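Engineer: Only the shape, not the letters, is given here:
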C-alpha cells in the first residue's frame, strides 16, 4: 500500500500525486454545525478499485460529493489529475413521470458519442433491449445498468459509483460487482465506489477505505476485514472463519459515530486516527 | 376578420409558441409556483416603469430577475419551506405593486389590462415587441436545452458531466422573466403561468420525448388562444380568461379521452 502521508511529496497542489487520478488531503466537512468528515486522506490510482465502506451516516456519500467537486470541503483539498474525465453513477435516480424520456435520450444527455460506442457499451452492461423504453418503466437493476452505461459512454478515466448494487436483488449484486471489475479491466479506469455489500466488496476491491467521519482503516480487503476498527463497525456482519489479529486503538465511536477518546484503560497505545495504515 | 382580431390571434399564438416549450420545463422542474411568484411581481415592475419613465417591459424583466435572485438566495436557508417563501413573496410583491400603482400621480393605469391581459388591444408595436422577445426567448431556450434537460433529470450528475448548473439556472430565470414580460399583454400577470403549465401538462399524454412534449405544448397553446378568442367574440367574455378556460378544456379532454391505458402502460414497470 502507498503511504498516505506521502501525499505531501508533491509541492504543486494541482499536480497529480504519485500518479493518482484523484486524491483528498486532510478533507474536513462541516454542515449545520455537524462534523461530517474529518481529516480524510485518500487517493485513487488508475486501474484500481477503491471501495468506501462505513456505517450509515459515516459520510461516505458526502466524501464522494466532495471528491466530485459537488460540495466544497470546509478545509483540506481535493487534487485531481488535470483533464480528468469522471463517469459518475449517482445513488438513486428518479425521473418524474411528467417528463417523457426514453433510455436513448437519457443516455444522450451525458454527452455526445457515436452509434458504435453506444451499441458496444449497451452490450457490455446488457441493456440494449431497453433503448426505446421510457426511463420510468425500467426496473431498479436495469436503471443501475443504464446509469453505468451513461458513465461509460464518457470514456472515463475514473468511475465513481455510489452504491452501484442498490435496488438489485442478491443474485444480481454479485453480477454488478463482477461487471464493474470486468469494465475496469477493459477500460483500465480507476474505480471509486461506495457500498454496503461488504462480502461482495471484499471480493471485488483492490483496496478498502473504512470511513466513519475519519478514515478508520485502509488497505487490502483481507487486511481491513481483520482490523479492530473495522470489526468495531461491522463485527456482526463479518464473514465467519476469519482470523483475528489485534492492534491497539486510541479511540472508539459513540452512538452518533463521534470519536470518543478512551479514558485511558490500560494497554491502549495512542495512534492518531490516520496513522494506523496497513501495508499489504 | 377585423384587424384587431388578426393581431390578437397572431400575438397570442406567438406567445403560446414560446410559453409551451418553456412551460414544459416549468412543469418538469416543478416550478409552477415559482413562475407564478415571478409573474405576480411583474405589476411592481410596471409601476416602477411608469415611476422612472423607463420602458415597462424592461422594468418588468429587471424586477423579475431581481426577484428570482432573491428567491434563489432564500431557498438556501432552511428555516422556511420554499412554498412559504414563494407565498410570501408572490402576494407581498403583488400587493406592493397595487400600492405603488395607487401612488402614481397623473398616470391612469388600466389595472385590469395588466392583471388579466388585453389581447384585443394588441397593437402593431406590441406585435413587434412580442416577436422580438419571443424569438430571443426561443433562441435562448434552444441554446440551453440540453444542459437544462440534463440538470432537470439529475443535477449532480449533470454537474459532474460538465454542465455549469448555476449559469444555466440563471439563464432559465432570465428566460422566465422575458416570457412574463412578453406575455403580460396577452393573458395578464395573474394568468401567465397557466399559459405555460396547462398546455405542457396536456401535452404529456401525447408525447414520448421531451421535444415532442414541447412541440405539442406549443400547438395546444395555439389552439387555446384560437379557441379562447373565438369564445370571447362569440359570448363577449374577457379574452385572457377565455384563453385559459379553453386551455383547461383542452387539458381535460386530452387527459380523459383516450382512456387510462396509455398512462397505465407508462406507470407499470416492465
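Structural biologist: Happy to help now that I have it. The model shown is predicted, which means the values in this text are computed figures rather than measured ones.
Engineer: which residues touch residue A:163?
Structural biologist: Neighbour list for residue A:163: A:91, A:193, A:194, A:195, A:196 [criterion: C-beta atoms under 8 Å, 6 or more residues apart in numbering or on different chains]. All C-beta atoms are positioned from the backbone trio N, CA, C, and that covers glycine.
Engineer: now it: how far from residue A:92?
Structural biologist: Shown here: residue A:163 relative to residue A:92, a distance of 8 Å by C-beta to C-beta, to the nearest Å.
Engineer: tell me which of the contacts of residue A:163 is nearest to chain B?
Structural biologist: The nearest member of the contacts of residue A:163 to chain B, counting by C-beta to the nearest C-beta, is residue A:91 at 9.5 Å.
Engineer: what about the helices in the chain?
Structural biologist: Looking at chain A here, since you left the chain open. Applying DSSP state H to chain A gives helices spanning A:60-68, A:103-108, A:115-125, A:140-152, A:170-187, A:198-204, A:221-224, A:228-234.
Engineer: actually chain B
Structural biologist: Assigned by DSSP H, chain B shows helices spanning B:3-28, B:32-52, B:56-74, B:82-103, B:111-116, B:124-153, B:155-160, B:165-187, B:192-203, B:210-235, B:239-256, B:261-267.
Engineer: ok, and for the first one, which residues are buried?
Structural biologist: What that stands for is helix B:3-28. B:5, B:7-9, B:11-28 (16 or more other C-beta atoms under 10 Å in any protein chain shown).
Engineer: what subset of the residues you listed is also close to chain A?
Structural biologist: B:27, B:28 (C-beta under 8 Å from any C-beta of the partner chain).
Engineer: one step back: export the helices of chain B as TSV, with columns for mean pLDDT and distance to residue A:169.
Structural biologist: Shown next, in TSV, are the helices of chain B (pLDDT from 0 to 100; distance: least, C-beta to C-beta, whole Å):
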stretch	mean pLDDT	distance to residue A:169
helix B:3-28	94	31
helix B:32-52	90	38
helix B:56-74	88	41
helix B:82-103	89	37
helix B:111-116	87	56
helix B:124-153	94	25
helix B:155-160	93	24
helix B:165-187	90	34
helix B:192-203	94	36
helix B:210-235	95	32
helix B:239-256	93	36
helix B:261-267	53	22
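Engineer: Please name whichever of these is nearest to residue A:57.
Structural biologist: Across the helices of chain B, residue A:57 has its closest neighbour in helix B:155-160 (19.4 Å, C-beta to C-beta).
Engineer: What residues of stretch B:131-149 count as buried?
Structural biologist: Judged by neighbour count (16+ other C-beta under 10 Å), stretch B:131-149 contains these buried residues: B:133, B:134, B:137, B:138, B:140, B:141, B:144, B:146, B:147, B:148, B:149.
Engineer: Also near chain A: which of the residues you listed, exactly?
Structural biologist: Among these, the residues within reach of chain A (C-beta under 8 Å from any C-beta) are B:146, B:149.
Engineer: Touching stretch A:55-68 from outside, list them.
Structural biologist: A:22, A:24, A:27, A:29, A:31, A:36-37, A:40, A:52-54, A:71-73, A:78, A:86, A:88, A:91, A:160, A:162, A:192, A:194, A:211-213, A:233-234, A:256-257, B:156, B:159-160.
Engineer: How many residues are close by residue 184?
Structural biologist: Just going to use chain A. When neighbours are defined as other C-beta atoms under 10 Å in any protein chain shown, residue A:184 has 19 of them.
Engineer: Chain B is the one I meant
Structural biologist: Residues near residue B:184, counting by other C-beta under 10 Å, number 26.
Engineer: which residues does the closest residue to it other than its chain neighbours contact?
Structural biologist: If the residues on either side of it in the chain are set aside, residue B:184 comes closest to residue B:42, at 5.9 Å by C-beta to C-beta, 6 or more residues apart in numbering or on different chains. Going by C-beta under 8 Å, 6+ apart, residue B:42 touches B:60, B:63, B:64, B:97, B:114, B:180, B:181, B:184, B:189, B:192.
Engineer: tell me the contacts of residue A:140?
Structural biologist: Residue A:140 touches A:166, A:167, A:168, counting by C-beta under 8 Å, 6+ apart.
Engineer: Now list the buried members of the residues you listed.
Structural biologist: By neighbour count, with 16+ other C-beta under 10 Å, the contacts of residue A:140 hold A:166, A:168 as buried.
Engineer: can I get the contacts of residue A:140 in a markdown table with distance to chain B and pLDDT?
Structural biologist: A markdown table is the format used below for the contacts of residue A:140 (distance: C-beta to the nearest C-beta, whole Å; pLDDT from 0 to 100):
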| residue | distance to chain B | pLDDT |
| --- | --- | --- |
| A:166 | 15 | 77 |
| A:167 | 12 | 72 |
| A:168 | 14 | 74 |
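Engineer: from the contacts of residue A:140, which is closest to residue A:97?
Structural biologist: Distances from residue A:97 to those, taken as C-beta to C-beta, are shortest for residue A:167 (18.1 Å).
Engineer: And the pLDDT for the closest residue to that closest one other than its chain neighbours?
Structural biologist: Of all residues beyond its chain neighbours, the one nearest residue A:167 is residue A:140 (3.1 Å), with distances taken as C-beta to C-beta, 6+ apart. Residue A:140 is assigned 81 on the pLDDT scale.
Engineer: and the stretch 101-250 of chain A, which residues reach chain B?
Structural biologist: A:101-102, A:105-106, A:109-111, A:133-134, A:136-139, A:150, A:154, A:160.
Engineer: any idea how far residue B:18 is from residue B:217?
Structural biologist: 10 Å.
Engineer: oh sorry, the question was meant for residue B:50
Structural biologist: Shown here: residue B:50 relative to residue B:18, a distance of 26 Å by C-beta to C-beta.
Engineer: Also residue A:218?
Structural biologist: 55 Å.
Engineer: just the buried members of the contacts of stretch A:55-68?
Structural biologist: Applying 16+ other C-beta under 10 Å to the contacts of stretch A:55-68 flags A:22, A:24, A:27, A:29, A:36-37, A:40, A:52-54, A:71, A:73, A:78, A:86, A:88, A:91, A:160, A:162, A:192, A:194, A:211-213, A:233-234, A:257, B:156, B:159-160 as buried.
Engineer: mind putting the helices of chain A in a markdown table, distance to residue B:128 included?
Structural biologist: As requested, those are exported to a markdown table (distance: least, C-beta to C-beta, whole Å):
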| stretch | distance to residue B:128 |
| --- | --- |
| helix A:60-68 | 47 |
| helix A:103-108 | 36 |
| helix A:115-125 | 44 |
| helix A:140-152 | 44 |
| helix A:170-187 | 55 |
| helix A:198-204 | 64 |
| helix A:221-224 | 70 |
| helix A:228-234 | 69 |
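Engineer: Next, the contact list for residue 176, please.
Structural biologist: Here I'm looking at chain A. Counting by C-beta under 8 Å, 6+ apart, residue A:176 touches A:141, A:144, A:164, A:165, A:168.
Engineer: wrong one, I was asking about chain B
Structural biologist: Counting by C-beta under 8 Å, 6+ apart, residue B:176 touches B:22, B:26, B:35, B:38, B:64, B:68.
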